[in-house]
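Participant: Sequence and predicted model, in that order:
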Amino acid sequence: MFGHVIIENLVKTYLTRQRKGLFKSEVKHVPALKGVSFEIKPGEIFGLLGPNGAGKTTLIKCLTTLLLPTSGRAHINGYELTQQDNAIRATIGCMLMGERGLYWKLTARENLIFFGALYHLNPKDRRRRADELIERLNMGDIADRSVETYSSGQRMKLAFAKALINDAPLLVLDEPTNTLDVPSARELRAVVRDLNEKEGKTVIYTTHIMSEAETLCDRVAIVDHGETLALGTVPELKASLNRGAVIRIEGVISAKASQAVSNLPGVSQAATTAINGHNQLTVMAHDQQTVLPRLIETLTAHGAVMQKITPEEVTLEDVFIARTGRTLADDTRVK
């Protein structure tokens with residue numbers, strides 16, 4: 001069935017060589033995916049969320065036949081991965097490398113016509129499709145300029161248009177709003193929503209921006225260290241926390257102070273991230289009224305300077321912190 005994806009225990013392990021002395025080296029096994037399994041239903045926008053190095057891009061490169069999985073199975077649009085890869089490629093639209101997948105000496109129109117030819121569209125259809133996408137994405141004023149003259153945001157918009165050229169039932173978009181300004185990112189999300197609601201396209205959408213996923217995705221999977229930590233709709237994931245309160249403290253907060261807070265009775269998680277030159281401590285507690293006085297006392301005793309204390313509603317970011325004990329700002333790539 002088009003737009004349907006089934007992933008069963010997918011594993012991907014990279015083999016790298018590490019130098020040991022001048023003439024010796026050893027093979028190192030780096031696990032990128034550790035038995036990922038889930039189903040993406042036809043007609044939904046499915047979010048893959050996680051920090052850099054979580055395994056999101058490796059997963060979609062496997063699903064789009066760019067990487068061979070080490071083990072496991074997957075069916076995409078009714079075709080079996082590694083067995084019917086040509087059929088899979090013909091029925092998906094991909095935005096995986098952003099602007100790096102474009103030909104900079106060609107214009108936007110020439111790029112789109114060229115990629116249409118790779119999908120075996122006849123000359124009339126590829127020109128028509130290119131014209132439609134240029135109009136839909138408001139690219140008329142730059143369509144006949146060479147890509148090397150574009151801004152980074154304009155190139156990202158063209159990369160998005162390239163993913164739509166074959167009018168595929170399944171779109172795979174890897175960090176599509178990366179480098180876009182706020183209005184352009186909002187415009188792209190509106191097009192994605194329109195493609196889903198009016199044309200019934202299934203969308204796999206990877207991002208590390210939780211607020212983006214909250215507003216756009218029907219269901220999300222939180223991925224970290226190559227594993228699926230949580231899966232469900234946004235309300236389901238928020239409800240799964242079963243926490244009494246989320247408290248955010250902004251100010252100057254040391255790692256020692258954060259650790260002391262995490263050891264307080266009634267605190268389930270505490271994680272610190274840097275924001276605009278200061279720290280933000282996110283605390284999950286079972287009982288806000290009981291924990292808050294102890295929290296302030298502990299931070300003060302450890303020399304923290306608190307500028308703002310805000311109890312807030314649970315977000316997807318809080319779900320991630322609850323499952324991992326870290327924030328999305330942490331980079332989990334294997335060094």
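Facilitator: That came through fine.
Participant: Give me the distance between L66 and K105.
Facilitator: Separation of L66 from K105 (C-beta to C-beta, to the nearest Å) stands at 24 Å. For the C-beta atoms, the positions are set from N, CA and C on the backbone; glycine is no exception.
Participant: higher neighbour count, those two?
Facilitator: Neighbour count, other C-beta atoms under 10 Å: between L66 and K105, L66 has more, with 15 against 10.
Participant: Can you pull out the low-pLDDT segments for this protein?
Facilitator: Low-confidence segments of the chain, defined by pLDDT under 70: 21-23, 97-99, 242-244, 312-313, 325-335.
Participant: Assign the spatially closest residue to Q154 that is not a sequence neighbour to helix, strand or coil.
Facilitator: Nearest non-adjacent residue to Q154, counting by C-beta to C-beta, 6 or more residues apart in numbering: I142, 5.9 Å away. Classification of I142 using DSSP: H, G, I helix; E, B strand; the rest coil returns coil.
Participant: Measure how buried I142 is and give me the count.
Facilitator: A count of nearby residues for I142, using other C-beta under 10 Å, gives 20.
Participant: One more: the one 3 residues further on?
Facilitator: Taking other C-beta under 10 Å as the neighbour definition, R145 ends up with a count of 14.
Participant: ok, it touching T107?
Facilitator: Yes: R145 is within contact range of T107, at 5.9 Å (criterion: C-beta atoms under 8 Å).
Participant: how far away is T58 from D144?
Facilitator: Using C-beta to C-beta, T58 is found at 37 Å from D144.
Participant: If you count surrounding residues, which of those two has more?
Facilitator: T58 (22 against 12).
Participant: quick one, longest helix in the chain?
Facilitator: Across the chain, the longest stretch assigned as helix under DSSP state H is helix 182-199.
Participant: Return the alpha-carbon coordinates of the first helix or strand past that helix going along the chain using CSV.
Facilitator: Later in the chain than helix 182-199, the nearest helix or strand by DSSP states H and E is strand 202-207. Taking Å, rounded to 0.1, in the frame of the first residue of the first chain, the C-alpha atoms of strand 202-207 are listed here in CSV:
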residue,chain,number,x,y,z
THR,A,202,2.5,10.4,3.9
VAL,A,203,5.4,12.4,5.3
ILE,A,204,8.3,11.2,7.4
TYR,A,205,9.7,14.4,9.0
THR,A,206,12.9,14.5,11.0
THR,A,207,13.7,17.4,13.3
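Participant: Show me what the helix or strand just after strand 202-207 is packed against.
Facilitator: Using DSSP H and E, the next helix or strand after strand 202-207 towards the C-terminus is helix 210-216. Under the contact criterion of 3 or more C-beta pairs under 8 Å, 6 or more residues apart in numbering; DSSP states H and E, helix 210-216 touches strand 45-49, helix 182-199, strand 202-207, helix 316-324.
Participant: With mean neighbour count and distance to A304 as extra columns, can I get these in JSON lines?
Facilitator: Listed next are the helices and strands packed on helix 210-216 as JSON lines, based on neighbours: other C-beta atoms under 10 Å; distance: least, C-beta to C-beta, whole Å:
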{"stretch": "strand 45-49", "mean neighbour count": "26", "distance to A304": "30"}
{"stretch": "helix 182-199", "mean neighbour count": "15", "distance to A304": "32"}
{"stretch": "strand 202-207", "mean neighbour count": "25", "distance to A304": "32"}
{"stretch": "helix 316-324", "mean neighbour count": "22", "distance to A304": "19"}
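Participant: mind checking which of these is nearest D131?
Facilitator: Of all these, helix 182-199 sits nearest to D131, with 16.2 Å by C-beta to C-beta.
Participant: and A87, which of the helices and strands packed on helix 210-216 is closest to it?
Facilitator: Of all the helices and strands packed on helix 210-216, it is strand 202-207 that lies closest to A87, at 16.0 Å by C-beta to C-beta.
Participant: List the contacts of that closest one.
Facilitator: Residues from elsewhere that reach strand 202-207, judged by C-beta atoms under 8 Å, 6 or more residues apart in numbering: 2-5, 40-49, 56-57, 60, 63, 169-177, 192, 195-196, 213, 216-217.
Participant: That one: how far from the chain's middle?
Facilitator: What separates the centre of strand 202-207 from the centre of its chain is 7 Å, taken as C-alpha atoms, centre = their mean, to the nearest Å.
Participant: okay, the angle between that strand and strand 45-49?
Facilitator: The directions of strand 202-207 and strand 45-49 differ by 20 degrees, with axes from the mean of the first three to the mean of the last three C-alpha atoms, to 10 degrees as the criterion.
Participant: closest to K20 out of the helices and strands packed on helix 210-216?
Facilitator: helix 316-324 (32.4 Å).
Participant: Convert the C-alpha atoms of that closest one to PDB, please.
Facilitator: The C-alpha coordinates for helix 316-324 follow below in PDB (Å, rounded to 0.1, in the frame of the first residue of the first chain):
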ATOM      1  CA  LEU A 316       7.700  17.100  24.000                       C
ATOM      2  CA  GLU A 317      11.000  18.500  25.200                       C
ATOM      3  CA  ASP A 318      10.000  17.400  28.700                       C
ATOM      4  CA  VAL A 319       9.100  14.000  27.400                       C
ATOM      5  CA  PHE A 320      12.600  13.700  25.900                       C
ATOM      6  CA  ILE A 321      14.300  14.900  29.200                       C
ATOM      7  CA  ALA A 322      12.200  12.400  31.200                       C
ATOM      8  CA  ARG A 323      13.300   9.500  28.900                       C
ATOM      9  CA  THR A 324      17.000  10.400  28.600                       C
END
